[in-house]
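Student: Dropping a prediction and its sequence here:
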Amino acid sequence: MDKIIIEARVNELAPRDENPNVPFLPEEIIADAKACYDAGASIIHYHGRTATGEPDHDPEFYKKTNAGIRAACPILIHPTLGYVAHGGDARERFDAMEESMKDPKTAPHFAPTDTGTVNVDWWNPEKNAYDTTNLVYENSTETLMYFADRIKHHGLKHYCVSWNISFTRQMEALMKMGVIDAPVFVLLCMTDGISLSGHPGTPEGLDAHTTFLPKDQKVFWSAMNYKGNLFLLTEKVIKEGGHISIGLGDYPYMEMGQPTNADLIAKVVEQARSLGREVATVEDTRQMLEMTSGAAAAA
């Protein structure tokens, strides 16, 4: 069985009211990246945030953060393209990536591709009603093909995200077209609590994802649970050869008190080793995903 790739998802759009350890500013994200790397993560995913937690899509935020992470440790960098918080067209959404690629010191290693469109409104289980009714995470096929072209141009590694089976089928079609190259790293997105957009964070929800992964392509899958406790599934993921993407960006983990992102990574490392799987280093991850050229291969 492959070594397990562990990704730290450090902040997303998470607030600090339940766990104050969510990093917002570049220096906080940089420190978290180093701590998560030391704990065993080989990839870090983050979103630009202001000092009060609002989304920040200024390319300078990403350039400063990427440069700081690179100076602090060799962890592989996976920034966002803005999720639903960035409503621009494909070129605008990719702008921070374009600017970051102008200097090797600020370049990331991955660029994300959510291979479909989904409603992402917030469900209120206490009221049995939606608190929002107009949030759509839109990724047209044209947009995906534009992202893929720029990702290849810059020598980055595709990071695919599947919220449901239709996303996986779209990803497979793009692979057959040669738009996305194997081996593919795909994040299987499960959602709970106030988010109903992905498969539920249950064994059945995960099985529905993995059942439809391409059988004739080299695919590495990782699991996350947005607004839900991923530790309810980590043993299953580890035993089935999957990889883990976890962090305070998805869920505050108050069951553990007020853990840091590095605490979560350390817990996954301990569990993986107890179940007989070694943890992939950064170099292991590069080799497994064949990140051998361009920006994806750059130290």
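Tutor: Arrived safely, thanks for sending.

Student: For the stretch 151-299 of the chain, which segments are assigned as helices?
Tutor: For the stretch 151-299 of the chain, the helices defined by DSSP state H, counting those that start in this stretch cover 165-177, 203-211, 234-239, 261-274, 282-288, 294-297.

Student: So which of those is nearest Ile77?
Tutor: With Cβ to Cβ, the closest approach to Ile77 among these belongs to helix 294-297: 9.9 Å. (Each C-beta comes from the backbone N, C-alpha and C, glycine too.)

Student: Neighbours of the spatially closest residue to Glu290 that is not a sequence neighbour, how many?
Tutor: Closest residue in space to Glu290, ignoring its immediate chain neighbours: Pro183 at 5.7 Å, by Cβ to Cβ, 6 or more residues apart in numbering. A count of nearby residues for Pro183, using other Cβ atoms under 10 Å, gives 14.

Student: Confirm for me that Pro183 is in contact with Pro214.
Tutor: No: using Cβ atoms under 8 Å, Pro183 is not in contact with Pro214; the gap is 11.0 Å.

Student: helices or strands next to the one helix or strand Thr113 maps to in the packing?
Tutor: Assessed by DSSP states H and E, Thr113 sits inside strand 110-114. Packing contacts for strand 110-114, counted by 3 or more Cβ pairs under 8 Å, 6 or more residues apart in numbering; DSSP states H and E, involve strand 76-79, helix 141-154, strand 157-162.

Student: Now tabulate the ones you listed in a markdown table and tack on mean pLDDT.
Tutor: Listed next are the helices and strands packed on strand 110-114 as a markdown table, based on pLDDT from 0 to 100:
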| stretch | mean pLDDT |
| --- | --- |
| strand 76-79 | 98 |
| helix 141-154 | 96 |
| strand 157-162 | 97 |
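
Student: got those as CSV, with mean neighbour count columns?
Tutor: Shown next, in CSV, are the helices and strands packed on strand 110-114 (neighbours: other Cβ atoms under 10 Å):
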stretch, mean neighbour count
strand 76-79, 24
helix 141-154, 17
strand 157-162, 25
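
Student: just so I know, which of these lies nearest Ile246?
Tutor: Counting by Cβ to Cβ, Ile246 lies closest to strand 76-79 out of those; the figure is 13.5 Å.

Student: Can you dump the C-alpha atoms of that closest one in PDB for me?
Tutor: Only the C-alpha atoms of strand 76-79 are listed here, as PDB (Å, rounded to 0.1, in the frame of the first residue of the first chain):
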ATOM      1  CA  LEU A  76       4.100  21.600  -1.000                       C
ATOM      2  CA  ILE A  77       1.900  24.700  -1.400                       C
ATOM      3  CA  HIS A  78      -1.700  24.500  -2.500                       C
ATOM      4  CA  PRO A  79      -3.500  27.900  -2.400                       C
END
